[in-house]
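S.K.: Below are the sequence and a predicted model; questions follow.
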Amino acid sequence: MAETILFLTGKLAQPSVEKVLQEMAPLPFDYRVHQLGLSVAALMTDKMIARRLKPKDYAGCKQIIVPGRCRGDLAELSKLLGLEVVRGPDEIKDLPLFFGKARKIPDLSRYDVNIFAEIVDAPQRDIEGILERARYYRESGANVIDIGCLPEEKFPLMEEAIAALHQDGFKVSVDSLSLDDLRRAAKAGADYLLSLTEDTIDLAKETDAIPILVPAEPGSLASLERAMEAMDKIGKPWIADPILDPIHFGLTESIVRYHTLRQKYPEAPMMMGVGNLTELTDADTSGINALLFGIISELKITNVLATEVSPHARRAIKEADIARRMMFAARDDNSLPRDITADLLVSHDRRPFTDTEQEIIQLSENIKDPNYRIKIAPKGVYVFNRDGLIQDTDPFAFYPQLQVKDDPGHAFYLGVELARAQIAWQLGKRYTQDEDLQWGCAVDLEQEDLNEQKAEGTTMKKRSQRACGTAEAETPIKKERACGTADQQDT
């Protein structure tokens, strides 16, 4: 006999929940949908559930699924009710994913690529400045801090920098075109040297530092192979880097070199420096990193050198960290790199619109209160309450139809929300009223504790009348301007 799952929802969302579940048939479980007596399901809390849900409501159920934005301690609620209570997806339309592959949470703790993060201006920093940058890189996911030396510029603090980084728990590589710099780095205890060629390989005999080997002649695999063979004769470890060239300056041929080297030496430890693409291409680095780490995953390259020099590459190390984990999980699961993490989806979302225009119209017809709801669909932005629905693509077009002149806090709130909605609609991103837009790893967001209630917004404080800052507490659309459907509006 199939287990029964109870879905808790609100009055407005109940038809949508039932419709989505019906469309998912056949399901490996039975289900019941129970609306808890509130209009907006997202405002559900653990205490509300404990008060309103009766034993008869969940009799015979194995599990209760609550809205993804439900606040409160669900572990304690589970103990109180005597069965498991879990959060579902934030959006009803994501229930199929929730019960499909996305139900198996990908393991993003694993990776097999070490990230070398280069401090390109190390000679121009003091020790604390080097440590500050290194700690930032470590937080972004770097495994090794690469001290970049500058041509014709002295670096008197190199030895002190290496010691300070080791003291702070870092592995250190030194990157220089000068053999004297690399010799100093080796004596100071650097873990890696970037880079040695077949002509400078003798330095490797003097140190335990692992050299990154590159061709003595640009593009010469034969030169690189000779350096590899020389290191094997010495009997010390090494890492080979055929060098990734920029677009229109040998990119395709350089990728072929990586592939050829891997074919000839299946177990050879390899490195790829991705900066020639992330830094030298005017395109979002999240996509470039995703593609490059796909190649890195296929070729089983286990070391990457990455940089954050250009302002547009300001999150490149973090992106590299996410990309290596995503590609490892996809390869381990023998799957495409999809539905693993959305952190590299910065500008667009794969499923931006959770409602169709018709669904929004139907929802607006069931609203019985004056509270504003804001949603987006392919045609634009929608604002509605019990008095009607307005649709447009320009936030300024809504202002004459909303009675907010005597309420600056409310006007400010609506301005922010409509601007968010417009940006989401223009870019094809998810929009949820009262929530920040999601920008993947491009923006650091505070992790919300869903066990705690959401703090009151500043536009809702010190109000003498009923607050109007959220979807549950709004001012009505001005009646003489309001319309019943999107087809009957003034725009």
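M.R.: It's in. These numbers come from a predicted model, not from an experiment. Residues are numbered from 1 along each chain as shown.

S.K.: Ser335: what's it in contact with?
M.R.: For Ser335, the contact set (C-beta atoms under 8 Å, 6 or more residues apart in numbering) is empty. Placement of C-beta: from N, CA and C, glycine included.

S.K.: for it, helix, strand, or coil?
M.R.: Three-state call for Ser335 (DSSP: H, G, I helix; E, B strand; the rest coil): coil.

S.K.: From Asp394, how far out is it?
M.R.: Ser335 sits 41 Å away from Asp394, going by C-beta to C-beta, to the nearest Å.

S.K.: Over to Val416?
M.R.: 15 Å.

S.K.: Repeat that for Leu193.
M.R.: Per C-beta to C-beta, Leu193 is found 58 Å from Asp394.

S.K.: between the two, who's got more neighbours?
M.R.: Using other C-beta atoms under 10 Å as the criterion, Leu193 and Asp394 rank with Leu193 on top: 26 against 12.

S.K.: contacting residues around the helix or strand containing the more buried one?
M.R.: In the assignment (DSSP states H and E), Leu193 maps to strand 192-196. For strand 192-196, the surrounding residues in contact (C-beta under 8 Å, 6+ apart) are 116, 144, 146, 171-176, 182, 185-186, 203-204, 207, 209-214, 227, 239, 241, 305.

S.K.: Filter the residues you listed down to the ones in strands?
M.R.: Secondary structure from DSSP state E places 116, 144, 146, 171-175, 210-213, 239, 305 of these in strands.

S.K.: For stretch 51-66, buried residues please.
M.R.: 53, 57-58, 61, 63-66 (16 or more other C-beta atoms under 10 Å).

S.K.: Distance to Phe328 and pLDDT added to those residues, as a markdown table?
M.R.: Converted to a markdown table, the buried residues of stretch 51-66 look like this (distance: C-beta to C-beta, whole Å; pLDDT from 0 to 100):
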| residue | distance to Phe328 | pLDDT |
| --- | --- | --- |
| Leu53 | 41 | 95 |
| Asp57 | 43 | 95 |
| Tyr58 | 40 | 94 |
| Cys61 | 37 | 95 |
| Gln63 | 31 | 96 |
| Ile64 | 34 | 96 |
| Ile65 | 30 | 96 |
| Val66 | 32 | 96 |
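
S.K.: of these, closest to Ala290?
M.R.: Using C-beta to C-beta, Ile65 comes nearest to Ala290 of these, at 31.9 Å.

S.K.: on that earlier part again, state the paired neighbours of the strand holding Leu193 in the sheet, together with their directions.
M.R.: Strand pairing for strand 192-196, using DSSP bridges, gives strand 171-175 (parallel), strand 210-213 (parallel).

S.K.: Mean confidence (pLDDT) on the first one, please.
M.R.: To tie it back to what came earlier, the one meant is strand 171-175. On average, the pLDDT along strand 171-175 is 98.

S.K.: which other residues reach the worst-scoring helix or strand of the chain on mean pLDDT?
M.R.: Lowest on mean pLDDT, DSSP states H and E among the helices and strands of the chain sits helix 95-99, with a mean of 87. By C-beta under 8 Å, 6+ apart, the residues outside helix 95-99 that reach it are 17, 20-21, 23-24, 27, 88-89, 103, 339.

S.K.: Minimum pLDDT in those, which residue is that?
M.R.: Within the set of those, pLDDT is lowest for Arg103 (51).

S.K.: got the domain boundaries for the protein?
M.R.: As given by automatic domain parsing, the domain ranges for the chain are 4-103, 114-332, 357-488.

S.K.: How about the secondary structure of Asp369?
M.R.: At Asp369, secondary structure determined by three-state DSSP is coil.

S.K.: For Phe29, which residues are in contact?
M.R.: Applying C-beta under 8 Å, 6+ apart, the residues contacting Phe29 are 2-5, 62.

S.K.: can you tell me which residues contact the closest residue to Leu12 other than its chain neighbours?
M.R.: Excluding the flanking residues, the one nearest Leu12 by C-beta to C-beta, 6 or more residues apart in numbering is Ser39, at 5.5 Å. By C-beta under 8 Å, 6+ apart, the contact set of Ser39 is 10-12, 368-369, 472.

S.K.: Redo the residues you listed as CSV? Include distance to Asp407.
M.R.: As requested, the contacts of Ser39 are arranged in CSV below (distance: C-beta to C-beta, whole Å):
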residue, distance to Asp407
Gly10, 26
Lys11, 27
Leu12, 25
Lys368, 22
Asp369, 17
Glu472, 16
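
S.K.: just curious, which of those is nearest to Arg71?
M.R.: Distances from Arg71 to these, taken by C-beta to C-beta, are shortest for Glu472, at 13.1 Å.

S.K.: Pull out the buried positions in the lengthiest helix in the chain.
M.R.: Scanning the chain for the longest helix, with DSSP state H as the assignment, gives helix 408-427. For helix 408-427, a neighbour-count test (16+ other C-beta under 10 Å) marks 409-411, 413-414, 417-418, 420-422, 424-425 as buried.

S.K.: next one: that helix to chain centre, how far?
M.R.: Averaging C-alpha positions (C-alpha atoms, centre = their mean, to the nearest Å) puts helix 408-427 23 Å from its chain's average.

S.K.: same check, this time on stretch 118-129
M.R.: Relative to its parent chain, stretch 118-129 has a centroid offset of 29 Å by C-alpha atoms, centre = their mean.

S.K.: Need the residues that contact it.
M.R.: The list of residues contacting stretch 118-129 from outside it, by C-beta under 8 Å, 6+ apart, reads 130, 133-134, 137, 145-150, 153-155, 157-158, 160-161, 164, 175, 275, 305-307, 309.

S.K.: Of those, select the buried ones using a PyMOL command.
M.R.: Applying 16+ other C-beta under 10 Å to the contacts of stretch 118-129, the buried members can be selected in PyMOL as follows:
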select buried, resi 130+133+134+137+145+146+147+148+149+150+155+157+158+161+164+175+275+305+306+307+309
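
S.K.: Show me the contacts of stretch 118-129 that map onto helices.
M.R.: 130, 133-134, 137, 158, 160-161, 164, 275.

S.K.: Among those residues, which pair sits farthest apart?
M.R.: Largest separation among those by C-beta to C-beta: Glu160 and Gly275, giving 26.1 Å.

S.K.: neighbours of Tyr265, just the number please.
M.R.: By the criterion of other C-beta under 10 Å, Tyr265 has 13 neighbours.

S.K.: tell me the SS of the residue nearest the centre of the chain?
M.R.: Most central in the chain under C-alpha atoms, centre = their mean is Asp343, positioned 1.7 Å from the mean C-alpha point. Assigned by three-state DSSP, the conformation of Asp343 is coil.

S.K.: Please renumber the chain so that the first residue is 24 from this point on.
M.R.: Let's use 24 as the start, then, which means that last one is Asp366.

S.K.: check contacts around it.
M.R.: Going by C-beta under 8 Å, 6+ apart, the list of residues near Asp366 reads 345, 349, 463-464.

S.K.: any idea which of these is the one closest to Asp130?
M.R.: Distance to Asp130 across those (C-beta to C-beta) is lowest for Met349, with 11.0 Å.

S.K.: so the closest one is in which element?
M.R.: Per DSSP H and E: helix 339-355 holds Met349.

S.K.: Listing request: residues of the stretch 374-514 of the chain with sub-threshold pLDDT.
M.R.: Within the stretch 374-514 of the chain, the stretches with pLDDT under 70 are 472-473, 476-480, 483-514.
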